[in-house]
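Student: I need the structure of the sequence given here:
(one chain, ligands or ions: 2)
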Amino acid sequence: MTSVTSAGAKLRQAIAQEQPLQIVGTINAYTAMMAERVGHKALYLSGAGVANASFGLPDLGMTSLNDVCEDIRRITGATDVPLLVDADTGWGGAFNISRTVKEMTRAGAAGFHIEDQVAQKRCGHRPNKEIVTQGEMVDRVKAAVDARTDDQFLIMARTDALQQEGLEAAIARAQACVEAGADAIFAEAVHTLEQYQAFTNALNVPVLANITEFGATPLFNKDELAGVGVEMVLYPLSAFRAMNKAALNVYENILAKGDQKDVVESMQTRAELYDFLNYHSFEEKLDSLFKK
Ligand SMILES: C[C@](O)(C(=O)O)[C@H](CC(=O)O)C(=O)O
Ligand SMILES: [Mg+2]
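Tutor: Ligands and ions are numbered 1, 2, ... in the order given. Here you go, the predicted model:
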């Protein structure tokens, strides 16, 4: 076995070992710790998640590289599981994309995906997306590959072309991105298993399926996706959506009833929280360092 060192190397190893690799969105350091503890082998920092959760903004290209790097550092500081990061359109031209690769690597990311939407981007599952030319997307990938400081950092090209240009054009773009050095392809807003099969047949790199809820893609099971050659399955905002509904319920209950008794059952207990945080080992350290 080769020794695993960098985050990128860990992500590559996870892709090779898990079939398919499930990649779960972790909106912050603590949820990342829970995902790690239950056994997930790869984590994801969603661009929509950073915008929505950290800034209260829609996923319309309004957050910056630094905004995302701050959240990367928080998560990679708290876990050892490799983190794939949403780099949206890369935040500019070749030199901006170069900085994106270098800064995300420094922040501890294992890899990123960069997409072919215009800078004024939208969520991949919304109508009326606009994409740049294939040539411009290939230039984005070339800039990213050239900027790598760790050759294991995973560069994933995301194509949003299916909506505007159809399956064949989307696959042609993906192929062009692979020729330019992309390590993996993110096929966005795919509708059917047959379409995934067409992507995986045409490509010799791992393909990711984005199984986000309430979008254009049905909630295919990982075994169905493995059956059509998909090697990574992404759940970018699943826990976030559930957390939001739970929080809303608590806020409404406290307001309506004057106490939280009815919703305590739905809460993670203090003991559970402390367990995930290894709280007691910190206290023990304090006691042993500063004996009274
Ligand atoms: C994967 C994604 O890019 C994200 O930012 O998490 C979003 C997810 C979503 O909005 O459901 C996307 O698919 O565009
Ligand atoms: Mg996104």
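Student: Could you pull up the contacting residues of the residue in the stretch 151-292 of the chain that ligand 2 sits nearest to?
Tutor: Proximity of the stretch 151-292 of the chain to ligand 2 (C-beta to the ion) peaks at Pro236, 7.2 Å away. No exception for glycine: its C-beta is placed from N, CA and C like everyone else's. Neighbour list for Pro236: Gly25, Tyr44, Ser46, Ala48, Gly49, Asp86, Asn210, Thr212 [criterion: C-beta atoms under 8 Å, 6 or more residues apart in numbering].
Student: cutoff 7 Å now
Tutor: With contact taken as C-beta atoms under 7 Å, 6 or more residues apart in numbering, Pro236 is in contact with Gly25, Tyr44, Ser46, Ala48, Gly49, Asn210, Thr212.
Student: Grab the nearest non-local neighbour of the closest residue to ligand 1 within the stretch 51-200 of the chain.
Tutor: Across the stretch 51-200 of the chain, the shortest distance to ligand 1 (C-beta to the nearest ligand atom) belongs to Gly124, at 3.2 Å. In this structure, Gly124 finds its nearest non-sequential neighbour in Glu188, 4.2 Å apart by C-beta to C-beta, 6 or more residues apart in numbering.
Student: go on, Gln17?
Tutor: Nearest to Gln17 is Lys41, by C-beta to C-beta, 6+ apart, at 7.5 Å.
Student: surely that neighbour meets Pro20?
Tutor: No. Counting by C-beta atoms under 7 Å, Lys41 stays clear of Pro20, with 10.8 Å between them.
Student: circling back to that earlier point, tell me the SS of the residue of the stretch 51-200 of the chain closest to ligand 1?
Tutor: Here Gly124 takes the coil state, with states given by DSSP: H, G, I helix; E, B strand; the rest coil.
Student: near ligand 2, which residues of this protein?
Tutor: Gly47, Ala48, Asp86 (C-beta under 5 Å from the ion).
Student: Next, format those as TSV and append neighbour count, pLDDT and secondary structure.
Tutor: Converted to TSV, the residues of the chain next to ligand 2 look like this (neighbours: other C-beta atoms under 10 Å; pLDDT from 0 to 100; DSSP: H, G, I helix; E, B strand; the rest coil):
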residue	neighbour count	pLDDT	secondary structure
Gly47	23	98	helix
Ala48	23	98	helix
Asp86	25	98	strand
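Student: wait, doesn't the residue of the stretch 51-200 of the chain closest to ligand 1 sit right on Ala161?
Tutor: No. Contact criterion C-beta under 7 Å: Gly124 and Ala161 do not qualify, at 10.8 Å.
Student: For the residue of the stretch 151-292 of the chain closest to ligand 2, which phi and psi angles does the backbone take?
Tutor: phi -70, psi -40 (degrees, to the nearest 10).
Student: Can you give me the buried ones in the longest helix belonging to the chain?
Tutor: What stands out as the longest helix in the chain, according to DSSP state H, is helix 238-257. Neighbour counts using 16 or more other C-beta atoms under 10 Å place Ala239, Phe240, Arg241, Asn253 of helix 238-257 among the buried residues.
Student: Rounded mean pLDDT for it, please.
Tutor: What helix 238-257 shows for mean pLDDT is 98.
Student: what about stretch 148-159, start to end distance?
Tutor: Taking C-alpha to C-alpha, to the nearest Å, stretch 148-159 runs 21 Å from one end to the other.
Student: cool, stretch 143-156 as well?
Tutor: End to end - C-alpha to C-alpha - stretch 143-156 spans 13 Å.
Student: How about residues contacting that stretch?
Tutor: 6, 8-9, 11-12, 94, 97-98, 101-102, 105, 110-114, 141, 180-186, 208.
Student: Try it again at 6 Å.
Tutor: With contact meaning C-beta atoms under 6 Å, 6 or more residues apart in numbering, stretch 143-156 is reached by 6, 8-9, 11, 94, 97-98, 101-102, 105, 111, 113-114, 181-184, 186.
Student: Could I get the full set of strands for the stretch 1-150 of the chain?
Tutor: 21-25, 43-45, 83-86, 111-115 (DSSP state E, counting those that start in this stretch).
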